[in-house]
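Engineer: The following block contains a protein sequence and its predicted model.
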Amino acid sequence: MKDENFLKENNARQMWHPMAHPGDQAAHPPKIITRAAGVRITDIDDHAVIDAVGGLWCVNLGYSNDVVKQSIADQLFELPYYSAFAGSSNPPAIEAAHAVQAFFAEDGIERVFFTSGGSDSVETCLRLARQYHRLRGEPTRTKFISLKKGYHGTHFGGASVNGNNRFRINYEPLLPGCYHLPAPYPYRNPFNETDPARLAQLIAQAFEDEIAFQGAETIAALIVEPILGAGGVIVPDASFMPLMREICDRHGILMISDEVITGFGRTGDWSGARHWGVKPDMMSTAKGITSGYFPVGAALISGKVAEVFETSKPAEGTISHGYTYSAHPVGAAAVVACLSETLRLDTKANAAARGTQLFDGVRKLAEKHGLIGDVRGGHGLMTGIELVSDRAQKTPLDGTTVKRIHEAVYEAGAMVRMSGHNFLMSPPLTITEDEVNSVLGALDTGFASV
Ligand code: PMP
C-alpha cells in the first residue's frame with residue numbers, strides 16, 4: 001500500500017464519493033478508514049471508534065468473522081467467477097439459494113434471484129411485479145405505490161419509488177406511474193396525527209383513495225420498508241403492515257417488502273415483515289446477506305408469484321433480466337458462510353436485547369439534551385435521533401451544528417450516521433452491552449459539546 005502522505009494527498013482527488021458534493025471534498029476530506037476489528041474501525045490517524053453505523057447498516061457480524069473471510073478466500077482459489085445466466089450454475093450459488101430460501105421459508109419465500117446489491121434487488125422486484133401481472137393477463141398493472149420518506153436505492157426504478165426529495169430532484173423525470181403515500185411518522189405528518197395507530201388508519205385510507213383514483217387495474221405493487229431506515233428509522237404502528245397487506249390482497253396488488261436493511265436479524269427477527277406478522281409477495285434483500293464482506297443482494301419470491309412464472313409460456317415467462325454478478329461464486333460462498341454464522345450466533349436475539357438498551361439509553365439522553373427532538377427505534381438495532389433547535393416548534397437543527405456534534409461524537413469514540421438533521425445508528429448485531437454503553441457515552445459527550 002502507498003504511504004500515508006500519498007493517501008492523504010490523493011484522498012478524494014480522483015475519486016468522487018457517493019452522496020457527497022465533489023466540490024466540497026478538498027475542504028472536508030472524507031475519513032480514511034484503514035482497518036477494523038470486532039465492532040471497531042480505525043482511521044489513518046490511528047483513532048479507533050465503535051462503528052455504530054455497521055459500515056452502512058450492513059456489517060451485522062462485525063469485522064472479525066474468520067469463517068466468512070476464509071470461505072471467501074477458499075472460493076477465490078476454487079472458482080473466482082462464472083456466470084449464472086441461463087445454462088450454467090456453480091456449487092456455492094446452489095447452496096446459497098438453499099440457505100436463503102430456508103431463512104425466509106416462514107415468510108412464504110420459495111425462490112431466490114441473486115443480484116449485486118440492494119438497488120438491484122429492488123429493481124428486480126419491480127420488474128418481476130410487472131411481468132407477473134402480464135403473465136396473469138393484466139398488462140395494465142404497471143404502477144407502483146410507495147411511502148414518502150421510503151428509501152429504495154438509486155436505480156431509476158428505485159429512485160422513482162423513493163420518497164425523499166433529495167434523491168429524486170436532480171435526476172427527474174423519473175419513471176412515470178409512481179405514487180407516494182404519507183409515511184407512518186407520528187412526529188411529522190400532514191394529518192398532525194401523533195397517535196401511531198390512528199395514523200396507520202389514515203394512511204390506509206389514503207392508500208384506498210389512491211387506488212380508487214388510479215384504478216386498481218393499473219397498479220402493480222406497493223413497495224414498503226417494514227421499518228423505514230434511511231428516512232430516519234421510522235417505526236410504524238403494529239397495525240400498519242397488516243392493514244396495507246389486506247388492502248393489497250383485496251385489490252390484487254403485490255406487496256414488496258424492502259428488507260435490504262431489516263432482513264437477516266437487524267429488527268430482532270429474521271425479517272421485518274415477520275416482525276409485523278405479514279407475508280409479502282416479494283422481498284428485496286442485500287447488506288446482512290453477506291455482512292458487507294462481499295457485494296451481494298437477492299430478490300426473494302413467494303410461492304404465489306413463483307407459480308405464475310414457472311407455469312408460463314417460454315416467451316412470456318422468461319426472466320429477461322439479471323446481472324453479470326448474479327450468483328457470483330465468491331459472493332455466494334460469502335452468503336453461505338455468513339448465514340451459517342448468523343444462525344450459529346443467533347444475532348437476532350442480541351439485536352433485540354442490545355437494541356432495547358440503545359433505544360432506552362438514547363431516550364435517557366433526551367431528558368438531558370434539549371437538541372434531541374425525537375428518538376425512534378425499539379425494534380432491534382435500528383435507532384434514529386432527530387435533532388431540533390426548538391422542541392416546541394420542531395425546528396430542524398442547522399447542518400453546521402449537526403456536523404459539529406457528529407465530529408465530537410467521533411472524537412469521543414463512536415461513528416454514527418448523519419442523515420440531514422438525523423443521527424442514525426445500526427451497529428453490528430454482535431455488539432456487547434459494554435460497547436453499547438460506550439456509544440451512549442460518546443453521544444452524551446457529543447451533545448454536551450455544543
Ligand atoms: N433499499 C433499502 C431499504 C436500503 O436501505 C438501501 C440502501 N441503504 C437500498 C435499497 C439500496 O441498496 P444498495 O445501496 O445496496 O444499492
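Structural biologist: Structure's in. What do you need?

Engineer: in stretch 395-404, what's buried?
Structural biologist: By neighbour count, and taking 16 or more other Cβ atoms under 10 Å as the criterion, the buried residues in stretch 395-404 are Pro396, Leu397, Val402. Every residue, glycine included, has its C-beta placed from N, CA and C.

Engineer: Taking the stretch 301-450 of the chain, what residue is nearest to the ligand?
Structural biologist: The shortest separation between the stretch 301-450 of the chain and the ligand is 9.8 Å, found at Ser426 (distances taken as Cβ to the nearest ligand atom).

Engineer: same question but for the chain, I mixed them up
Structural biologist: Nearest residue of the chain to the ligand (Cβ to the nearest ligand atom) works out as Gly118 at 2.1 Å.

Engineer: ok, what's across the strand from the closest residue to Gly420 other than its chain neighbours?
Structural biologist: Leaving aside its chain neighbours, Gly420 sits nearest to Pro396 (7.3 Å; criterion: Cβ to Cβ, 6 or more residues apart in numbering). With DSSP bridges applied, Pro396 shows beta-bridge pairing to Val388.

Engineer: related to what we said a few turns ago, got TSV for the buried residues of stretch 395-404, with pLDDT and distance to the ligand too?
Structural biologist: Shown next, in TSV, are those (pLDDT from 0 to 100; distance: Cβ to the nearest ligand atom, whole Å):
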residue	pLDDT	distance to the ligand
Pro396	98	22
Leu397	98	23
Val402	98	20
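
Engineer: out of those, who's nearest Gly263?
Structural biologist: Sorting those by how near they are to Gly263, with Cβ to Cβ, puts Val402 at the top with 29.1 Å.

Engineer: ok but that closest one is inside a helix, no?
Structural biologist: Yes. Read with DSSP: H, G, I helix; E, B strand; the rest coil, Val402 is one of the residues of a helix.

Engineer: Please identify the residues of the stretch 251-400 of the chain in proximity to the ligand?
Structural biologist: Asp258, Val260, Ile261, Ala286 (Cβ under 6 Å from any ligand atom).

Engineer: Touching, the last one and Thr262? I think so.
Structural biologist: Yep, that's Ala286 we're talking about. No. The criterion here is Cβ atoms under 8 Å, and Ala286 misses it with Thr262 at 11.1 Å.

Engineer: show me the contacts for the residue of the stretch 301-450 of the chain closest to the ligand.
Structural biologist: Contacts were defined as Cβ atoms under 8 Å, 6 or more residues apart in numbering; by that measure Ser426 touches Ala52, Val53, Gly54, Trp57, Gly229, Ile261, Arg266, Leu381, Met382, Thr383, Arg417.

Engineer: Just after the helix or strand that contains Glu246, pick out the following helix or strand.
Structural biologist: Using DSSP states H and E, the secondary-structure element containing Glu246 is helix 240-251. Toward the C-terminal end, the helix or strand that comes next after helix 240-251 (DSSP H and E) is strand 254-258.

Engineer: so how far is that next one from its chain's centroid?
Structural biologist: For strand 254-258, the distance between its averaged C-alpha position and the chain's averaged C-alpha position is 14 Å (Cα atoms, centre = their mean, to the nearest Å).

Engineer: Mind listing what's buried along the helix or strand following that strand?
Structural biologist: Remark: after strand 254-258, the chain's next helix or strand is helix 272-275, criterion DSSP H and E. Going by neighbour count (16+ other Cβ under 10 Å), the buried part of helix 272-275 is Gly272, Ala273, Arg274, His275.

Engineer: For the second one, which residues are in contact?
Structural biologist: I take that to be Ala273. Counting by Cβ under 8 Å, 6+ apart, Ala273 has contacts Asp107, Pro226, Met241, Ser257, Glu259, Lys279, Pro280, Met283.

Engineer: Quick check, Thr395 in contact with Val388.
Structural biologist: Yes. The pair Thr395 / Val388 is scored as a contact, 5.6 Å apart, by Cβ under 8 Å.

Engineer: contact partners of whatever helix or strand Ile72 lives in?
Structural biologist: Element membership for Ile72, per DSSP H and E: helix 66-78. For helix 66-78, the surrounding residues in contact (Cβ under 8 Å, 6+ apart) are 61, 92, 290-291, 293-294, 329-330, 332-334, 336-338, 340-341.

Engineer: and it, which residues are buried?
Structural biologist: Of the residues in helix 66-78, Val68, Ser71, Ile72, Gln75 count as buried by neighbour count, 16+ other Cβ under 10 Å.

Engineer: Stretch 165-180 now?
Structural biologist: Burial within stretch 165-180, assessed by neighbour count using 16+ other Cβ under 10 Å, is assigned to Phe167, Arg168, Leu174, Leu175, Cys178, His180.

Engineer: State the phi and psi torsions of the closest residue to the first one other than its chain neighbours.
Structural biologist: In this case it means Phe167. Counting by Cβ to Cβ, 6+ apart, Phe167 lies nearest to Ala159, which is 5.9 Å off, once chain neighbours are set aside. Comment: the main-chain dihedrals of Ala159 come out as phi -70, psi -30, following degrees, to the nearest 10.

Engineer: how many other residues sit next to Ala159?
Structural biologist: Ala159 has 21 neighbours, counted by other Cβ atoms under 10 Å.

Engineer: For it, list the residues it contacts.
Structural biologist: His152, Gly153, Phe167, Arg168, Tyr171, Leu174.

Engineer: Show me the two of these that sit farthest apart.
Structural biologist: His152 and Tyr171 (13.7 Å).

Engineer: so when I look at Val112, I'm seeing a strand, right?
Structural biologist: Yes. Remark: Val112 belongs to a strand, assigned using three-state DSSP.

Engineer: need the contact list for the spatially closest residue to it that is not a sequence neighbour.
Structural biologist: Once flanking residues are discounted, Val112 sits nearest to Ala97: 4.4 Å by Cβ to Cβ, 6+ apart. Contact criterion Cβ under 8 Å, 6+ apart gives Val112, Phe114, Ala327 as the residues in contact with Ala97.

Engineer: Let me see the confidence value for Ala97.
Structural biologist: The pLDDT attached to Ala97 in the predicted structure is 98.

Engineer: Could you look up the SS state of it?
Structural biologist: When classified by three-state DSSP, Ala97 comes out as helix.

Engineer: any idea how far Ala366 is from it?
Structural biologist: 44 Å (Cβ to Cβ, to the nearest Å).

Engineer: Next: Thr285.
Structural biologist: If you measure Thr285 against Ala366 using Cβ to Cβ, the figure is 32 Å.
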